[in-house]
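Novice: Need coordinates for the following:
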Amino acid sequence: RNVLDLCHHVIVVTLPEKDNHETVDSDKNGYPSVLSQNVLMQRKYRRSGHLGKLSYAERGVTEEEYRTYWNHYVWPSWLENGGKSIPSDALLIDCTMTTDEQIKLVLGNGWLDKLA
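Specialist: Numbering: from 1, shown residues only. Reported below is the predicted structural model:
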């Protein structure tokens with residue numbers, strides 16, 4: 001079975017459909033704005049503790065090296081495979097929101113009420 005089949009709810013931190021920082025939402029190919037992509041790339045580059053690993057920055061990867069990896073592997077792979085696997089009822093959280101805003105969104109949707 002697919003791991004998503006085992007989940008009651010799916011939350012995905014992703015790029016916003018409408019970019020809060022620019023007037024252009026995406027280019028003609030549907031790519032989110034460069035600013036939104038950069039926010040997500042920075043978040044992933046500096047994220048520490050995910051799956052018990054140090055961040056890329058903590059492992060000595062330069063930002064330029066990670067950007068190359070992002071542009072030539074991570075983002076194209078997501079466009080080809082990742083986005084297709086998100087269930088239609090998943091809660092999509094804008095990666096450009098602050099962590100506090102993201103938490104309020106998750107707590108405000110009622111999914112976790114029965115756990116309290």
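Novice: thought Val13 was touching Gln102?
Specialist: Yes: Val13 is in contact with Gln102 according to Cβ atoms under 8 Å; the separation is 7.1 Å. For glycine as for every other residue, the C-beta is placed from the backbone atoms N, C-alpha and C.
Novice: Show me which positions of the longest helix anywhere in the chain end up buried.
Specialist: Counting residues, the longest helix found in the chain (DSSP state H) is helix 34-46. Going by neighbour count (16 or more other Cβ atoms under 10 Å), the buried part of helix 34-46 is 36-37, 39-42, 44-45.
Novice: what is the rounded mean pLDDT of that helix?
Specialist: Helix 34-46 shows a mean pLDDT of 81.
Novice: quick one: contacts of the next helix or strand after it?
Specialist: The helix or strand immediately downstream of helix 34-46 is helix 63-69, counting by DSSP states H and E. Identification of contacts with helix 63-69 by Cβ atoms under 8 Å, 6 or more residues apart in numbering yields 41, 45, 56-57, 61.
Novice: buried ones in helix 63-69?
Specialist: Per 16+ other Cβ under 10 Å, helix 63-69 contains these buried residues: 66, 69.
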